[in-house]
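# this one's structure only:
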């Protein structure tokens, strides 16, 4: 089995229903990306809500509780980093993973480092497309561990 395919991850036994599962909002205008992420996360015991654009993602935030957001940086009807800024402003306590297929970090290139900019706007982690299932899961687990209620409360007491 290859570790590079989203579709080959073995399904673990999960509880019936979705109560108790960590809830993740995925916002991306590419249906194939959304489907791959959704299948992989469901197989790893996450509850997933997919939104195919920024407006639908914001509506989902208004009506549901999420533990984490995975947001594409560049989507139609939102100007560049507007998506990261808006989602972070609407839900500042929910960790946000920014993803982009336009992540240029080549020092010889005049193109900006979009993922670094996303971090500056409030993203907790960034992923450059295409990413591996292991990289996705590692970013999610790191964000969830850093934003556990007991860690957030301790940070507030120290700050």
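Cool, the structure landed. Computed from a predicted structure; not experimentally measured.
# what segments of this structure are strands?
Applying DSSP state E to the chain gives strands spanning 22-27, 46-51, 68-72, 96-100, 125-128.
# make a markdown table out of these and add distance to residue 34.
(C-beta placed from N, C-alpha, C; glycine too.) Below are the strands of the chain laid out as a markdown table (distance: least, Cβ to Cβ, whole Å):
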| stretch | distance to residue 34 |
| --- | --- |
| strand 22-27 | 6 |
| strand 46-51 | 5 |
| strand 68-72 | 9 |
| strand 96-100 | 11 |
| strand 125-128 | 14 |
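# may I see those strands organised as a markdown table, with mean neighbour count and distance to residue 139 added?
Below are the strands of the chain laid out as a markdown table (neighbours: other Cβ atoms under 10 Å; distance: least, Cβ to Cβ, whole Å):
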| stretch | mean neighbour count | distance to residue 139 |
| --- | --- | --- |
| strand 22-27 | 22 | 11 |
| strand 46-51 | 19 | 13 |
| strand 68-72 | 25 | 8 |
| strand 96-100 | 24 | 5 |
| strand 125-128 | 20 | 4 |
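# center of this protein, which residue is that?
Nearest residue to the geometric centre of the chain (Cα atoms, centre = their mean): residue 70, 1.7 Å.
# where's that residue relative to residue 131, distance?
11 Å (Cβ to Cβ, to the nearest Å).
# so what sits against both of these two?
Here residue 70 and residue 131 share the contacting residues residue 99, scored by Cβ atoms under 8 Å, 6 or more residues apart in numbering.
# give me the low-pLDDT residue ranges for this structure?
Scanning the chain for pLDDT under 70 picks out 1-18, 79-80, 102-112, 149-159.
# in it, which spans are helices?
Using DSSP state H, the helices of the chain run over residues 31-43, 54-63, 82-90, 114-120, 133-146, 149-158.
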